[in-house]
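S.K.: return a 3D structure for these sequence lines:
(one chain, ligands or ions: 1)
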Amino acid sequence: MEAKQTSIMQKEIFEEPSVIKNLIERYITPEGEINIALPEKISNIVIVASGSSYNCAAIASPLVIEYANIPCDCEYSSEFVLQKKHFVTSDSLYIFVSQSGETSDTLNAIKAIKSVDDGHVKTMCITNAKDSTMWNLCDYKILSDAGEEKSIASTKALSAQIFCSILIILKILSQNGEDISGMVNTMRRLPAYLERIIMDGDKIKKAAQTVSQYENISILGNKNYYPVAKEGALKMKETCYLNVMAYPFGEFMHGHVAVLNQTSIVIAIIDEENAAFAQRNLEKIRKNYNPKIVCITSVQDIKAGDINIYIKTKRKTKAIFGSLLTLQLIACTMAGILDKNPDSPKGLTKVVKD
Ligand code: AGP
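M.R.: Residues are numbered from 1 along each chain as shown. Prediction:
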């Protein structure tokens, strides 16, 4: 089945497999080496950004800790600039993520860290805009090279940023002498995986039709999938003007769950790691509140939802991109169903400046 395109946002979502393919060609050599520059020694990483780019930071941070074995925090740019103290060592790396390279909050955050320690802090940016202010301010830089992103709701640029964050992890591992061939192969298979999700659009359409009938929408995910859930909520807010909330799955059960009733819908992101836990909690949720449930799951036999969207893979890195893409498509399709134009959300601009 050929996926039919209806808006610029959808066109940009459909471009994601080719954006990733391009990044693989650009940054991974045929021998599997990672072609980016990084400081040789990194003791800890702090990733700073706003909006969708912050969600990239929050997705990447636990991946850096888990795979590269390095302490990694993430912060909202606007909060970072309000912090009275920043603790840095000579081997700390501050990474700033921005599609535009011109967001004021993130530029101010770079200036704030550069004023610490006589400007010796190492800075890096991941940006889609070569020669932007951010590009010129940072010591190390990666072009996320997603092509121009016109839609105000960021989609392909975010996937490109997450891919670049994974390149940083791979580079750190290879600098430490570790074998990265398995992860590189997983990344090489990513475009075909995303292509399959786009082509299998019927379930996504069905989910969008169902979700768009509700105004009380909660999206649940654990660890890296919590910021994926937040990104799904952000996309629905920007394109459908709905007050969608995202929660970490376990935390949701500590009181937040009380917002549910038969007029609510829950979207749950489920992978191998949280499958048993998520199913147990969804059973409780169904028993106590009986909301509609949509599962986006990389595990084939999960049937906990009224609608179950399978994005089958055993690899967490792939499932992150797959669940993100699925939520982007649901949000974009919902906007169409609700007769909103996702390409020009009211009151929003592509670059947020002072
Ligand atoms: C995302 O859909 C938004 N339009 C917005 O949150 C955006 O990600 C944020 O303003 C940051 O922009 P940047 O990546 O250009 O810095």
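
S.K.: need the pLDDT of the residue in the chain that the ligand sits nearest to.
M.R.: For the chain, the residue closest to the ligand is Gly51, as judged by Cβ to the nearest ligand atom, at 1.9 Å. For every residue, glycine as well, the C-beta is placed using N, CA and C. Note for Gly51: predicted pLDDT of 98.

S.K.: any idea how far it is from Ala278?
M.R.: Distance, Gly51 to Ala278, using Cβ to Cβ, to the nearest Å: 27 Å.

S.K.: with neighbour numbers in mind, choose between those two.
M.R.: Neighbour count, other Cβ atoms under 10 Å: between Gly51 and Ala278, Ala278 has more, with 25 against 22.

S.K.: that's a strand at the more buried one, yeah?
M.R.: No. Counting by DSSP: H, G, I helix; E, B strand; the rest coil, Ala278 is not part of a strand but helix.

S.K.: renumber starting at 2 from here on
M.R.: Happy to do that; since the first residue is 2 now, the last one works out to Ala279.

S.K.: ok, now which ones touch it?
M.R.: Neighbouring residues of Ala279 by Cβ atoms under 8 Å, 6 or more residues apart in numbering: 221, 223, 250, 269, 271, 305.

S.K.: tell me which two of those residues sit farthest apart.
M.R.: Put simply, by Cβ to Cβ the two of the contacts of Ala279 set farthest apart are Asn223 and Ala305, 14.5 Å from each other.

S.K.: can you give me the helices for the stretch 102-251 of the chain?
M.R.: Residue ranges of the helices in the stretch 102-251 of the chain, as given by DSSP state H, counting those that start in this stretch, are 105-115, 134-138, 157-176, 182-189, 191-200, 203-212, 226-241, 250-253.

S.K.: please work out which of those helices is packed deepest.
M.R.: Stretch with highest mean neighbour count among the helices of the stretch 102-251 of the chain: helix 226-241 (a mean of 26; mean count of other Cβ atoms under 10 Å).

S.K.: what pLDDT, on average, does it get?
M.R.: Taken as a whole, helix 226-241 has an average pLDDT of 97.

S.K.: that helix vs helix 203-212, what angle?
M.R.: For helix 226-241 against helix 203-212, the angle by axes from the mean of the first three to the mean of the last three Cα atoms, to 10 degrees is 70 degrees.

S.K.: next one: helix 226-241 to chain centre, how far?
M.R.: Here helix 226-241 is found 9 Å from its chain centre; the criterion is Cα atoms, centre = their mean, to the nearest Å.

S.K.: can you give me the angle that helix makes with helix 157-176?
M.R.: 160 degrees.

S.K.: run through the neighbouring helices and strands of helix 226-241.
M.R.: Under the contact definition 3 or more Cβ pairs under 8 Å, 6 or more residues apart in numbering; DSSP states H and E, helix 226-241 sits against helix 52-64, strand 217-222, strand 246-249, strand 265-271, helix 317-338.

S.K.: with only the CA atoms kept, save that helix in PDB.
M.R.: Output of helix 226-241 as PDB, limited to C-alpha atoms (Å, rounded to 0.1, in the frame of the first residue of the first chain):
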ATOM      1  CA  TYR A 226       9.800   6.200  26.200                       C
ATOM      2  CA  TYR A 227       8.600   8.700  28.700                       C
ATOM      3  CA  PRO A 228      10.100  11.600  26.600                       C
ATOM      4  CA  VAL A 229       8.800   9.800  23.500                       C
ATOM      5  CA  ALA A 230       5.300  10.000  25.200                       C
ATOM      6  CA  LYS A 231       6.000  13.700  26.000                       C
ATOM      7  CA  GLU A 232       6.800  14.300  22.400                       C
ATOM      8  CA  GLY A 233       3.600  12.600  21.300                       C
ATOM      9  CA  ALA A 234       1.700  14.800  23.600                       C
ATOM     10  CA  LEU A 235       3.500  17.900  22.300                       C
ATOM     11  CA  LYS A 236       2.700  17.000  18.700                       C
ATOM     12  CA  MET A 237      -1.100  16.600  19.600                       C
ATOM     13  CA  LYS A 238      -1.000  19.900  21.500                       C
ATOM     14  CA  GLU A 239       0.600  21.800  18.600                       C
ATOM     15  CA  THR A 240      -1.500  20.300  15.900                       C
ATOM     16  CA  CYS A 241      -4.900  19.500  17.500                       C
END
